[in-house]
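>>> pasting the sequence and the predicted model now:
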Amino acid sequence: EPWAILGTVVQAPVFGTISLVQQTTVIVEDGIITHMETAADGANLLVEQGLQASSVLRLQDGEFLCPGFIDLHVHAPQYSYAGTATDRPLMEWLGAYAFPREKAHADAEAARAEYTRLAARLAAHGTTTALLFGTMHRQACQELALTFQQRGLRAFIGKVCMDRHSAEGYQETTQEALAETEAFLQWIEELGDERIQAAITPRFVPTCTPELLAGLGQLAAKYDSAVQSHISESFDEVEFSQALHPEVDGRDIELFERAGLLRNRAVMAHGTCLTSAELRRLAETGTAIAHCPLSNFFFGDRLLPVRDVLALGVKVGLGTDVAGGLDWTEAFWLATQGGAAALGLGNVCGTLEVGKSFDALRVDTQNSAAFDVFAADTPLDAFQKFVNLGDDRNISTVWVRGQEISKTP
Ligand code: GUN
Ligand code: FE
């Protein structure tokens, strides 16, 4: 049954520019946007499409319809300690916090409980698509996929691969990592849900031998799968790569490229220590960067010059947290269309237009829990305040493929 929404639509089809169109009617059928029209009362389109008043949702003043947010870098098993454990440089931090906590996800039931809360939290904050790292365990990764599927979110799930320099009891042989990854890819295929896909996930160069990377590159080609990893992310990580691979001066990109892991729908997190020449290689191969400003602040040792990176033709989206130092229009684009393009979903979501999936948020700027809107504020000012200061209390409804997503764990 078709239904309609009538109100102000805000989106960022082009980096750095905002489109705000009032009195727009959006008609959704089978989760896809079939019509969009701007007119004083939208009545013509509604009559033309034979829509009853009961299937028309009219937004109030101060409310907006915008595309759902796309998070390009989430470590699902780190959700239970988000907001803590920020006191060590990356390579120490992994041993002290990340590996021990991830290792516990051998218990798939416990993992499921954590992932259920994560999915609820992401939905509440307007994330409609997430690119997720799970853990090494295929079972827990399947629970992660099922959790997101049940909630109706769009997700790319990665079974993490590590065949060296991880932790006691949390490491695989090269063959195990490849076999488990292939089994996971097949399981996701059998799930047969367009919204849930697999991402081939070598954790990063320090924990993956060149043999493992090469095997994963072959799987990426065979299954035409998305890929995710971390690349040149901090001084200590670059040093570690240098010690392991003096033959390429520790340049992660060289090892990924040799393995065939630079490709469309490959998303590399951070990249703060990449050179301009390396960034050009990412652009040439269609590889995207997940820009993670908050994590870069704690671990990255450098900032990512996002505008320069985009100017080199690299695809960039946001990994959890809106960017300080970015103009809000640019941050909003990264969180929507930029992320969609990075995942090969440029024609599926990221903006609201005819033919795309209705992955959208109803934004209420009248709830003053997080910020105030004053009489002198234009609608664009109100929406800007939401992007810069708002939170889950300003997001009243979240849809993926036209389906309303529950926000309760
Ligand atoms: N590099 C390799 N693993 C990780 C991780 O879990 N978090 C971050 N931020 N960087 C990583
Ligand atoms: Fe990460």
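Cool, got the structure. Bear in mind that the values here come from a model prediction, so they are computed numbers and not experimental data. Ligands and ions are numbered 1, 2, ... in the order given.
>>> where do the strands sit along the stretch 101-250 of the chain?
127-133, 154-158, 160-161, 196-202, 226-231 (DSSP state E, counting those that start in this stretch).
>>> just put those in a markdown table and tack on mean neighbour count.
Yep, even glycine has a C-beta here, placed from its N, CA and C like the rest. Formatted as a markdown table, the strands of the stretch 101-250 of the chain follow (neighbours: other Cβ atoms under 10 Å):
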| stretch | mean neighbour count |
| --- | --- |
| strand 127-133 | 27 |
| strand 154-158 | 28 |
| strand 160-161 | 26 |
| strand 196-202 | 25 |
| strand 226-231 | 27 |
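>>> among those strands, which comes closest to ligand 1?
Among those, the nearest to ligand 1 by Cβ to the nearest ligand atom is strand 226-231 (4.0 Å).
>>> what's the closest one in contact with?
Applying Cβ atoms under 8 Å, 6 or more residues apart in numbering, the contact partners of strand 226-231 are 73, 131, 133, 156, 158, 197-204, 216, 220, 237, 252-253, 256, 261, 263, 265-271, 274, 289-290, 343-344.
>>> what about 6 Å?
Strand 226-231 is touched from outside by 131, 156, 158, 199-202, 204, 220, 252, 261, 265-271, with contacts defined as Cβ atoms under 6 Å, 6 or more residues apart in numbering.
>>> wait, does that strand make contact with ligand 1?
Yes. With Cβ under 6 Å from any ligand atom as the criterion, ligand 1 is reached by strand 226-231 at His230.
>>> got the residues of the stretch 51-200 of the chain near ligand 1?
Counting by Cβ under 6 Å from any ligand atom, the positions of the stretch 51-200 of the chain adjacent to ligand 1 are His75, Leu90, Leu94, Ala98.
>>> one step back: can I get the strands of the stretch 101-250 of the chain in CSV including mean pLDDT?
Below are those laid out as CSV (pLDDT from 0 to 100):
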stretch, mean pLDDT
strand 127-133, 97
strand 154-158, 98
strand 160-161, 98
strand 196-202, 98
strand 226-231, 98
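>>> in TSV, list those along with distance to Phe299.
TSV is the format used below for these (distance: least, Cβ to Cβ, whole Å):
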stretch	distance to Phe299
strand 127-133	15
strand 154-158	19
strand 160-161	18
strand 196-202	19
strand 226-231	10
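>>> now stretch 347-363: average pLDDT?
Mean pLDDT, computed over stretch 347-363, is 98.
>>> and the nearest residue to Leu326 once chain neighbours are set aside, how many residues sit next to it?
Distance criterion Cβ to Cβ, 6 or more residues apart in numbering; nearest residue to Leu326, sequence neighbours excluded, is Val306 at 6.2 Å. Neighbourhood size, Val306 [other Cβ atoms under 10 Å]: 22.
>>> next: Gly31.
When neighbours are defined as other Cβ under 10 Å, Gly31 has 14 of them.
>>> domain ranges for this structure?
Using automatic domain parsing, the domain parsing of the chain gives 3-67+350-404, 69-342.
>>> buried deepest among these, which one?
With neighbours defined as mean count of other Cβ atoms under 10 Å, the domains of the chain peak in mean count at domain 69-342, which reaches a mean of 20.
>>> helices and strands of the chain: which one bottoms out on pLDDT?
One helix or strand of the chain scores below all others by mean pLDDT, DSSP states H and E: helix 43-48, with a mean of 82.
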